[in-house]
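*Asks:* Pasting the sequence and the predicted coordinates here, then a few questions.
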Amino acid sequence: MNGTLRRVGDTWALRFERRLAHPPEKVWRAITEPEHLNQWYPFAATELDLRVGGAIRFRDEESTELRAEITELLPPKVFAFQEFDEETGAHGLHFELVPDGEGCRLVFTHTFADRTWAAQTEAGWVRCLDALTGVLDGR
């Protein structure tokens, strides 16, 4: 499933919605606990202080560090943080889990300033969200 891109003020918002066959609590662990997050997220979380204002530190395959700050936290419904990247600026990432029968709907939105990154960002998130589904399914 592809995302939808729209302008929001001075930024762009790329939104994905996926139906997952898992309860919100299980998906919550997959998006907030490093041992699960690191199986599908594009960067490895080396620190995650799970509170509003808490720091997240990521490291990529080249050992480049990326920092983030948690901006919203409402377990097991909303997890949002702001990433700071020297090359592309600040990025907002917002995960919302909505109960849906025995599973849930994941609404994921990534906001960023430079529209030229949209196609590459969308392709990357499609792969990551597919990997998240695989992790949840035990693959």
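*Replies:* Now that the structure is in, tell me what you want to look at.

*Asks:* Check what contacts the helix or strand hosting residue 90 and list those residues.
*Replies:* Here residue 90 sits within strand 89-100, counting by DSSP states H and E. By CB atoms under 8 Å, 6 or more residues apart in numbering, the residues outside strand 89-100 that reach it are 11, 19, 23-24, 27-28, 31, 68, 71-72, 76-85, 104-114. Bear in mind the C-beta positions are built from the backbone N, C-alpha and C, glycine included.

*Asks:* Go ahead and build a PyMOL selection from the buried members of those.
*Replies:* Selection command for PyMOL covering only the buried members of those, criterion 16 or more other CB atoms under 10 Å:
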select buried, resi 23+24+27+28+31+68+71+76+79+80+81+82+83+104+105+106+108+109+110+111+112
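
*Asks:* where's the residue nearest the centre of the chain relative to residue 21, distance?
*Replies:* The centre of the chain sits closest to residue 93, judged by CA atoms, centre = their mean, with a distance of 5.3 Å. Residue 93 is 23 Å from residue 21, where distance means CB to CB, to the nearest Å.

*Asks:* same deal with residue 92?
*Replies:* Plainly put, residue 92 is 27 Å away from residue 21 if you go by CB to CB.

*Asks:* Quick one: neighbours of the closest residue to residue 60 other than its chain neighbours, just the number.
*Replies:* With sequence-adjacent residues excluded and distances taken as CB to CB, 6 or more residues apart in numbering, residue 60 is closest to residue 43, at 5.2 Å. Neighbour count for residue 43, taken as other CB atoms under 10 Å: 18.

*Asks:* Residue 92 and residue 21: who's more crowded?
*Replies:* The neighbour count for residue 92 versus residue 21, taken as other CB under 10 Å, is higher for residue 92 (18 against 13).

*Asks:* And the more buried one, how far from residue 35?
*Replies:* Going from residue 92 to residue 35 by CB to CB gives 24 Å.

*Asks:* where does residue 113 fall, phi/psi-wise?
*Replies:* phi -90, psi -40 (degrees, to the nearest 10).

*Asks:* Oh, that last question was meant for residue 35, not what I typed.
*Replies:* Residue 35 adopts backbone torsions of phi -60, psi -20, taken as degrees, to the nearest 10.

*Asks:* With residue 97 as the reference, measure out to it.
*Replies:* Distance, residue 35 to residue 97, using CB to CB: 19 Å.
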